[in-house]
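Enquirer: Below are the sequence and a predicted model; questions follow.
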Amino acid sequence: MSSTSYETKGNVAVISMNNPPINGLGHELRTGIVEGLMAAQADAAIKVVVLIGTPRAFSGGADIREFGTPKTFAEPNLNTVIRTLEACTKPVIAAISGACMGGGLELAMGCHYRVALKDAQIALPEVKLGLLPGGGGTQRLPRLIGPELALNMILSGNIVPSAKLAGTQLFDQMVDGDLLTGALAFAGNVVAENLPLKKVRDIKIKMANADAFFQFARNSVSVAVRNLPAPMKCLEAVAAAVTSKSFDDGMRTERELFMQLLPTPESRALRHAFFGERAASKIPDVPDTTPLRKVEKMAVIGAGTMGGGITMNFINIGMPVTLLETKQDALDRGLATIRKNYDSSVKKGRMTAAQVDERMALIKPTLSYDDLKEADMVIEAVFEEIGVKEQVFKQLDAVMKPGAILASNTSTLDVNKIAQFTKRPQDVIGTHFFSPANVMKLLEVVRGAATAKDVLATTMALAKKIKKTAVVSGVCDGFIGNRMIEQYIRQALFLLEEGATPKQVDRAVEKWGMAMGPFRMSDLAGNDIGWAIRKRRYVEYPHIRYSRIGDRLCEQGRFGQKTGLGWYRYEAGKRDAVPDPAVEKMVEDYSKEIGVTRRKIGDEEIVHRLIFALTNEGAKILEEGIALRASDIDMVYLTGYGFPIHRGGPMLYADEIGLYNVILAMRRFATNPRGDPGFWTPAPLLAKLAAEGKSLT
Ligand code: NAD
């Protein structure tokens, strides 16, 4: 079906846009609008034109399926369409329902009149992709709703319901009931009253205090968004709408600023994350049409740190959860923690006490496996010991109904082995939540060797319902995220041996953009966890060198925040990491003991050793097929590990530096007599792509 249709109703031409799902402004749609306008102008019987979308969207903006293809800018491009609309010799009325965003809103503002349903969603979200509205949005919106409000919308990119903008010139009329009927009635008035061709470009903006206003805004924006260039350019474009001599001058400024943003690494990173989020849900051998299993009743095993958070995800969407523990006191403790979490939301005014009661009522606490019979899916979050997992999965196998999904939240154990504890390995899957599970966006969905396709598809769909970014991982030690972080932490410890302090390392990567440096992060997670893993590694891989400096710390009982002492000191009740001279001395003594002359290490070396450690392990993970695509790895880091969004993730960052340069840096690091000589051997995939001048993403 064509993405536009043209019909006449008396003296009105109606151009309907129909390019599911949200009327993305693809080439065919753009051409259809222009052709419709030409037909209307050629027909003497037509007096007025209505441009309308579907109930779901007038238009959500650019067609993302065309991104990166020549079709994006092919004529008629968006600006040509808007100019054609504005120059049409017969009045054009935009009839707006549903999403009217980005290029869609710019299209509407090119029309002479706009009528809208009250619940249409209005936004210029380009800033979220590191861009600015480049189809006249920064010039027309300030003319229609005033520069202050327009600046707010353009800087935030957030959706504003049309009803809130009803009093502005953006809308000539709000419509109740059927949109087309309302638009046709409005069209009748335009003809009857011989209303003029109202062009937004002709509106003069009056703003007495413009200079002071924009200076104040510049100061605020520069403080609020340190690492992203787009907000400031958005601001300058809106300022140009007010201060330029003519509309066309303002448009030229908008164009120039847009073109400056397009190639920035920050914009590339934000677009990479936007597409990465969408790509992560696609699994090549599991088509979108895979039938899903019904999941309406959930069960969770273990009401500890993770079980409690996992439970909250489901009761938050109104799904009943049977929560099983071995002992009543553990169950009571778990329930009390969940309630305490909700109570803090009540205190912040985000929830009412009644809502908390409603959600808590969805939990059915139990000590008996018999109560799990009705559940469609169960997520196990018991102690991380294979013997305990075996016991639990054997019991689940005995009681769960046929077809139920059996998931494990294990972070390190072999999901294939866990599946073999049951007679239905096809129904077993890993769901690796991140702590706090009710807050963190990331969910690694671990696909076992036997996991059925519909089990995987159902789990991915469920993840979307609880608003997680789900990334598929194959089975390996640590899955995607933790397997990579182990190499990052190894490097961080080598840096200490060689001359850095915990604070220096943390500060360098935090300045670069990481939410938390490796030592603050370890103190938060508990240094004993990494210690336990290392002790296993010393036995499994005796030939691989690990720094023992972290072991020294743990031998002193400095497990991190929970013990008040770790790589830093923590004062009671506070989370601020205070550098501790005792740790610095311990680090220096350790260097002496192993015969290292400490040296001053620069921030760039610190950052690149840590980030390229992630990239190199990521390339191995990609090559082994543990991750489906490089952007999945980046999504894991962006949503689960506090990686800065403007850097796009460890894989995109390496691409930005250039893989050849990454390899050169790795070769330099490898000449360092300290560390593990094998550490910097490039992953074969990385070496190959670098040699071919290609990239990872
Ligand atoms: P936890 O010690 O806080 O909670 C475990 C709970 O399981 C306890 O309440 C315990 O009473 C209960 N339990 C133990 N054996 C049981 C059994 N046989 N039947 C029912 N309940 C039983 O541990 P946690 O941190 O919540 O970790 C749980 C799982 O989640 C582990 O596999 C862990 O590796 C994984 N995980 C933890 C984190 C984290 O940051 N804590 C992150 C991701 C995954």
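Expert: Now that the structure is in, tell me what you want to look at.

Enquirer: CA only for contacts and neighbour counts going forward, please
Expert: Noted.

Enquirer: can you pull the pLDDT of the nearest residue to K294 once chain neighbours are set aside?
Expert: The shortest distance from K294 to any non-neighbouring residue, by CA to CA, 6 or more residues apart in numbering, is to D376 (6.9 Å). pLDDT, D376: 98.

Enquirer: My guess is D376 contacts P402. True?
Expert: No - with contact defined as CA atoms under 8 Å, D376 does not reach P402; the gap is 9.1 Å.

Enquirer: The two: who's more crowded?
Expert: Between D376 and P402, counted using other CA atoms under 10 Å, the more crowded position is D376 (20 against 11).

Enquirer: give the contact list for the more buried one.
Expert: Counting by CA atoms under 8 Å, 6 or more residues apart in numbering, D376 touches 294-299, 401, 403-405.

Enquirer: Quick check: closest non-adjacent residue to Q426.
Expert: T451 (4.3 Å).

Enquirer: Enumerate the residues of the chain near the ligand.
Expert: Contact residues, the chain versus the ligand (CA under 6 Å from any ligand atom): 301-307, 324-326, 330, 381-384, 388, 392, 409-411, 432-435.

Enquirer: Mind checking which of the residues you listed are in helices?
Expert: The helices, defined by DSSP state H, take in 305-307, 330, 388, 392 from the residues of the chain next to the ligand.

Enquirer: Type out the PyMOL command that picks the buried ones from those residues.
Expert: Remark: buried members of those, expressed as a PyMOL selection using 16 or more other CA atoms under 10 Å:
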select buried, resi 305+306+307+392
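
Enquirer: Walk me through the domains of the protein.
Expert: The chain is divided into the following domains under automatic domain parsing: 4-257, 298-473, 488-692.

Enquirer: Just the strands from the stretch 101-250 of the chain, written as ranges.
Expert: Listed from the start of the chain, the stretch 101-250 of the chain has strands (DSSP state E, counting those that start in this stretch) covering 113-117, 121-123, 160-161, 173-175.

Enquirer: need those in CSV with mean neighbour count, can you?
Expert: Conversion of these to CSV gives the following (neighbours: other CA atoms under 10 Å):
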stretch, mean neighbour count
strand 113-117, 26
strand 121-123, 25
strand 160-161, 16
strand 173-175, 20
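
Enquirer: Show me which positions of stretch 464-478 end up buried.
Expert: For stretch 464-478, a neighbour-count test (16+ other CA under 10 Å) marks 466, 468-476, 478 as buried.

Enquirer: Now do stretch 634-648: distance from first to last residue.
Expert: Terminal residues of stretch 634-648 lie 7 Å apart, using CA to CA, to the nearest Å.

Enquirer: And for it, what's in contact with it?
Expert: By CA under 8 Å, 6+ apart, stretch 634-648 touches 227-228, 265-270, 272-273, 276-277, 280, 434, 440-442, 444, 469, 471, 480-481, 513-516, 649-653.

Enquirer: rerun at 6 Å
Expert: Here stretch 634-648 makes contact (CA atoms under 6 Å, 6 or more residues apart in numbering) with 266, 269, 441-442, 513-515, 649, 653.

Enquirer: Could you do stretch 439-454 as well?
Expert: Outside stretch 439-454, the residues within contact range by CA under 6 Å, 6+ apart are 292, 416, 425-434, 468-474, 639-640.

Enquirer: quick one: which of the residues you listed sit in strands?
Expert: Counting by DSSP state E, the contacts of stretch 439-454 place 428-433, 469-473 in strands.

Enquirer: M232: which of the residues you listed is nearest?
Expert: T469 (29.1 Å; CA to CA).

Enquirer: Pull the contacting residues for the closest one.
Expert: T469 sits in contact with 441-442, where contact means CA under 6 Å, 6+ apart.

Enquirer: hmm, 7 Å instead?
Expert: T469 is in contact with 277, 441-443, counting by CA atoms under 7 Å, 6 or more residues apart in numbering.

Enquirer: Pairing partners for it in the sheet, please.
Expert: L442 (DSSP bridges).

Enquirer: Need the pLDDT of it.
Expert: Confidence score, pLDDT, at T469: 98.

Enquirer: go on, G566?
Expert: Predicted confidence (pLDDT) for G566: 97.

Enquirer: shouldn't it be in contact with L524?
Expert: No - with contact defined as CA atoms under 7 Å, G566 does not reach L524; the gap is 9.1 Å.

Enquirer: For P673, give me the pLDDT.
Expert: pLDDT for P673: 79.

Enquirer: Counting neighbours, what do you get for the residue of the stretch 151-300 of the chain found nearest the ligand?
Expert: Nearest residue of the stretch 151-300 of the chain to the ligand: V300, at 8.9 Å (CA to the nearest ligand atom). By other CA under 10 Å, 27 other residues sit near V300.

Enquirer: Considering only the stretch 501-650 of the chain, name the residue that lies closest to the ligand.
Expert: Using CA to the nearest ligand atom, the single residue of the stretch 501-650 of the chain nearest to the ligand is A525, 6.7 Å away.

Enquirer: What values do phi and psi take at that residue?
Expert: Per-residue torsions, A525: phi -80, psi -20 (degrees, to the nearest 10).

Enquirer: State the pLDDT value of it.
Expert: Confidence score, pLDDT, at A525: 91.

Enquirer: Could you find the closest non-adjacent residue to it?
Expert: A525 sits nearest to G560 (CA to CA, 6+ apart), 7.6 Å away.

Enquirer: If you tally nearby residues, what's the number for that neighbour?
Expert: Around G560 there are 26 residues (other CA under 10 Å).

Enquirer: Tell me which residues touch V175, please.
Expert: 115-118, 182.

Enquirer: now it, which residues is it bridged with?
Expert: Residues in a beta bridge with V175, per DSSP bridges, are L117.

Enquirer: What separation is there between it and A95?
Expert: Distance from V175 to A95, by CA to CA: 9 Å.

Enquirer: Same question for I544.
Expert: 66 Å.

Enquirer: which of those two has more neighbours?
Expert: Each of I544 and A95 has its neighbours counted (other CA under 10 Å); A95 has more, 29 against 13.

Enquirer: For that one, pull up the helix or strand it's in.
Expert: strand 92-96 (DSSP states H and E).

Enquirer: what's the answer for N616, then?
Expert: Assigned by DSSP H and E, N616 falls in helix 603-623.

Enquirer: So which bits of that helix are buried?
Expert: Neighbour-count burial for helix 603-623, counted by 16+ other CA under 10 Å, picks out 603, 606-623.

Enquirer: Do you know the pLDDT at M1?
Expert: Turning to M1, the model gives it a pLDDT of 65.

Enquirer: For the helix or strand harbouring I529, list the C-alpha coordinates in PDB.
Expert: Assessed by DSSP H and E, I529 sits inside helix 527-540. Below are the C-alpha coordinates for helix 527-540, written out as PDB (Å, rounded to 0.1, in the frame of the first residue of the first chain):
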ATOM      1  CA  ASN A 527      35.700  -6.300  47.400                       C
ATOM      2  CA  ASP A 528      35.200  -9.800  48.800                       C
ATOM      3  CA  ILE A 529      33.200 -10.700  45.600                       C
ATOM      4  CA  GLY A 530      36.200 -10.000  43.300                       C
ATOM      5  CA  TRP A 531      38.500 -11.700  45.800                       C
ATOM      6  CA  ALA A 532      36.500 -14.900  45.800                       C
ATOM      7  CA  ILE A 533      36.500 -14.900  41.900                       C
ATOM      8  CA  ARG A 534      40.300 -14.300  41.900                       C
ATOM      9  CA  LYS A 535      41.000 -17.100  44.300                       C
ATOM     10  CA  ARG A 536      39.100 -19.400  41.800                       C
ATOM     11  CA  ARG A 537      41.100 -18.000  38.900                       C
ATOM     12  CA  TYR A 538      44.500 -18.600  40.600                       C
ATOM     13  CA  VAL A 539      43.600 -22.300  40.600                       C
ATOM     14  CA  GLU A 540      41.900 -22.400  37.200                       C
END
